[in-house]
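In: based on what follows, work out the 3D shape:
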Amino acid sequence: MGTSKSSVAVLVDVKFVFPLALLALSASAIADSIDDYVKSEMKRLDIPEVTIGIVKDGRLVRSQAYGFSDPKAKVAGRIDDVFEVGSITKQFTALGTLMLVESGRVDLEDSIAKFLPDIPDSWANVKVRNLLNQNSGLPEYALVNGIGLLDTFDRKKFMETISKQPVDFQPGEAWAYSNTNYALLGWIIEKVTGEPYIKFMKENVLNPLGMTHSSFAEHGVDVPGLPKGFIKQGRRTVPCPRGGASIKADGALMTTLADMVKWDAALSDRRLLSRKSYQLLWSPGRLNNGRTRSYGMGWFLNMPGTGEYEGHGGNDAGYSAGISRFPGKHLSVFMFCNLYPVGGEVMTKAIAELYDPSLKMRPLKETTDPNPARTERVKLAIGCMATGKADDTILEPEMSAPLKTSRVVKLGVGPWAQIAKIDRIAFAGARAQGSDTWLTYSVTAQNKKYILMVLWSNQNKLAQGSVYPAPEK
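Out: Numbering: from 1, shown residues only. Prediction:
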């Protein structure tokens with residue numbers, strides 16, 4: 001566990017004892033704040049078990065398991081428990097796809113029809129790059145009856161069912177997260193390599209990285225060390241049946257904290273891929289109009305003007321997870337739990353900020369609004385986003401297109417709902433980006449404060465936007 005306090009006192013000069021004591025108190029305060037946060041979230045969300053890990057400068061500096069892997073039997077959670085990590089699987093699939101791009105067997109500009117002859121004609125213009133960057137416009141299969149997380153189905157049933165759904169928008173017109181994209185990437189890997197996705201990933205990614213405790217979920221197969229999974233049902237937390245595991249490439253990875261630390265090290269060392277390919281992984285995807293969105297290939301990225309960041313959350317039947325990497329700080333945080341759904345990436349970001357307070361967003365400095373009329377239009381655009389109204393007169397196509405699909409009815413409008421009723425909005429800055437402008441506002445809605453960042457186009461319309469809880473002063 002390290003050097004004891006008594007041995008430290010012997011080894012150091014007296015004048016350094018007080019600073020060391022301060023450091024110890026500081027480390028203890030950080031540990032306590034992280035403990036308090038994790039325990040409060042477990043209580044608030046009724047999470048049975050949470051495991052966290054913090055890597056700093058390439059070393060695992062903290063690992064801890066909280067709660068119970070089996071609450072009824074009072075089986076305590078363990079650091080080496082296995083968790084299903086849901087959509088974190090996508091970063092592995094993206095890396096595997098780029099391995100095939102590097103070998104010349106796949107081109108990012110290839111139509112997916114080259115590899116998937118059973119797709120509907122309406123998908124023929126979708127490119128491999130569109131799948132990776134989540135801007136294909138393909139519908140979300142997990143929202144379709146019969147091919148959801150708990151359903152058991154094969155590729156034939158998947159294609160017959162999903163092909164009946166209309167596309168959300170044309171490839172590259174907008175950005176909208178869809179598990180369908182990565183399901184198809186798994187089948188492209190199988191077509192190109194001539195072997196099952198699981199076999200390719202184990203032999204070319206997991207085994208070379210020493211991730212020997214990682215595997216992919218199989219329907220009806222028990223996994224030693226896997227905690228019992230739970231799901232929220234109203235206000236109750238109840239046992240969740242195992243997922244169907246019918247699709248592997250979008251969310252079937254099962255892994256441990258130790259193996260994810262190996263994954264993090266491989267990313268830092270740029271193993272398995274060239275630096276050029278890693279740059280692709282972590283570069284914002286570009287839309288047809290030239291604008292980019294802060295999603296790379298299997299990774300959510302930083303918003304413009306914020307620090308370097310790579311992260312993702314994951315949810316599967318009974319389980320949730322998160323990973324947040326801050327390369328400039330040489331800091332990575334992992335979180336796993338046995339409850340669905342939990343915002344794993346939200347938790348890893350919060351833990352990172354507790355570990356390193358410099359990562360927290362700074363309070364905004366409000367200033368005189370140079371264009372009050374523009375701000376009034378921003379408020380109107382926010383109202384459209386918060387109510388799901390696809391108003392093309394105030395929203396650019398990349399914002400209005402997803403609102404015209406059934407996904408809004410089933411998934412809602414996300415963070416925009418928080419600021420549906422604005423009590424106060426104050427200008428806090430502007431920065432040009434090409435012909436567009438990033439605007440920052442301080443917003444109060446229902447007695448809560450938020451930071452609003454919007455990309456305002458030269459057509460006087462909303463082109464992008466994000467809502468964040470305002471930091472405490």
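
In: what's the first helix or strand after whichever helix or strand residue 32 is part of?
Out: Residue 32 is located in helix 17-45, with elements delineated by DSSP states H and E. Moving toward the C-terminus from helix 17-45, the next helix or strand (DSSP H and E) is strand 49-56.

In: now for the next helix or strand after that next one, which elements pack on it?
Out: As assigned by DSSP H and E, the chain's next helix or strand after strand 49-56 is strand 59-70. Counting contacts by 3 or more C-beta pairs under 8 Å, 6 or more residues apart in numbering; DSSP states H and E, strand 59-70 packs against helix 17-45, strand 49-56, strand 75-76. C-beta coordinates here come from the backbone N, C-alpha and C atoms, glycine included.

In: try 10 Å this time
Out: Under the contact criterion of 3 or more C-beta pairs under 10 Å, 6 or more residues apart in numbering; DSSP states H and E, strand 59-70 touches helix 17-45, strand 49-56, strand 75-76, helix 257-269, strand 331-337, helix 344-355.

In: show me what contacts residue 33?
Out: If you count contacts by C-beta atoms under 10 Å, 6 or more residues apart in numbering, residue 33 has them with 351, 353, 354, 355, 357.

In: in the helix or strand harbouring residue 280, which residues are buried?
Out: Take DSSP H and E as the rule and residue 280 turns out to sit in helix 275-281. Judged by neighbour count (16 or more other C-beta atoms under 10 Å), helix 275-281 contains these buried residues: 277, 278, 280, 281.

In: mind putting these in a markdown table, pLDDT included?
Out: Formatted as a markdown table, the buried residues of helix 275-281 follow (pLDDT from 0 to 100):
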| residue | pLDDT |
| --- | --- |
| 277 | 98 |
| 278 | 98 |
| 280 | 96 |
| 281 | 97 |
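
In: reformat those as CSV; add distance to residue 422.
Out: Shown next, in CSV, are the buried residues of helix 275-281 (distance: C-beta to C-beta, whole Å):
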residue, distance to residue 422
277, 43
278, 40
280, 38
281, 37
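
In: from those, pick the one nearest residue 226.
Out: Using C-beta to C-beta, residue 281 comes nearest to residue 226 of the buried residues of helix 275-281, at 28.6 Å.

In: show the contacting residues for the closest one.
Out: By C-beta under 10 Å, 6+ apart, residue 281 lies in contact with 91, 94-95, 97-98, 132, 267, 273, 296-299, 301, 310.

In: mind redoing it with 8 Å?
Out: 91, 94, 95, 98, 273, 296, 297, 298, 299 (C-beta atoms under 8 Å, 6 or more residues apart in numbering).

In: run through the bridge partners of residue 51.
Out: Residue 51 forms beta bridges with residue 65, residue 336, as assigned by DSSP bridges.

In: I figured it was touching residue 65, is that so?
Out: Yes. Here residue 51 reaches residue 65: they are 4.6 Å apart, a contact under C-beta atoms under 8 Å.

In: what's the overlap in contacts for those two?
Out: Common neighbours of residue 51 and residue 65 (C-beta under 8 Å, 6+ apart) are 77, 79, 81.

In: of those residues, keep whichever come out buried.
Out: By 16+ other C-beta under 10 Å, those give 77, 81 as buried.

In: so which strand or helix has residue 241?
Out: Residue 241 belongs to no helix or strand, assigned by DSSP H and E.

In: got a list of what it touches?
Out: 150, 317, 318.

In: residue contacts, the second one?
Out: The one in question is residue 317. 84, 149, 150, 229, 231, 240, 241, 242, 243, 244, 340.

In: one more pass at 7 Å, please.
Out: Residues near residue 317 by C-beta atoms under 7 Å, 6 or more residues apart in numbering: 149, 150, 229, 240, 241, 242, 243, 340.

In: how much space between it and residue 128?
Out: Noted for residue 317: a distance of 28 Å to residue 128, by C-beta to C-beta, to the nearest Å.

In: before we move on, the earlier item: out of the helices and strands packed on strand 59-70, nearest to residue 290?
Out: helix 344-355 (27.7 Å).

In: show me what the helix or strand residue 232 falls within packs onto, helices and strands only.
Out: Assigned by DSSP H and E, residue 232 belongs to strand 230-233. Here strand 230-233 touches strand 236-239, strand 339-340, going by 3 or more C-beta pairs under 7 Å, 6 or more residues apart in numbering; DSSP states H and E.

In: just name the most buried of those strands.
Out: Mean neighbour count (mean count of other C-beta atoms under 10 Å) peaks for strand 339-340 among the helices and strands packed on strand 230-233, with a mean of 22.

In: and residue 51 and residue 65? which has more neighbours close in?
Out: residue 51 (26 against 20; other C-beta atoms under 10 Å).

In: so what's that one up against?
Out: Counted by C-beta under 7 Å, 6+ apart, residue 51 has contacts 65, 77, 79, 81, 257, 336.

In: give me the beta-bridge partners of the residue nearest the centre of the chain?
Out: The residue lying closest to the centre of the chain (C-alpha atoms, centre = their mean) is residue 312, at 2.2 Å. Counting by DSSP bridges, residue 312 forms beta bridges with residue 323.

In: quick one: contacts of stretch 78-89?
Out: Applying C-beta under 7 Å, 6+ apart, the set of residues contacting stretch 78-89 is 51, 63, 65, 69, 213, 217, 223, 225-227, 249-258, 312-316, 319-321, 323, 336.

In: buried ones among those?
Out: Judged by 16+ other C-beta under 10 Å, buried ones among the contacts of stretch 78-89: 51, 63, 65, 69, 213, 217, 226-227, 249-258, 312-316, 319-321, 323, 336.

In: for the closest residue to residue 398 other than its chain neighbours, which residues are in contact?
Out: For residue 398, ignoring the flanking residues on the chain, the nearest one in space by C-beta to C-beta, 6 or more residues apart in numbering is residue 174 at 4.0 Å. Residues in contact with residue 174, defined by C-beta under 7 Å, 6+ apart, are 135, 287, 397, 398, 401, 402.

In: export the contacts of residue 51 as CSV, with columns for pLDDT and distance to residue 427.
Out: Compiled in CSV, the contacts of residue 51 are given as follows (pLDDT from 0 to 100; distance: C-beta to C-beta, whole Å):
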residue, pLDDT, distance to residue 427
65, 98, 46
77, 98, 47
79, 98, 48
81, 98, 48
257, 98, 44
336, 98, 41
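
In: where along the stretch 51-200 of the chain do the helices fall?
Out: Along the stretch 51-200 of the chain, counting by DSSP state H, counting those that start in this stretch, helices occupy 89-102, 128-133, 155-162, 179-193, 197-201.

In: among those, which is nearest residue 391?
Out: When these are compared by C-beta to C-beta, helix 128-133 sits nearest residue 391, at 25.8 Å.

In: so what does the closest one touch, helix or strand wise?
Out: helix 179-193.

In: which of the contacts of residue 33 tops the neighbour count?
Out: Neighbour counts for the contacts of residue 33 (other C-beta under 10 Å) peak at residue 351, which has 24 neighbours.
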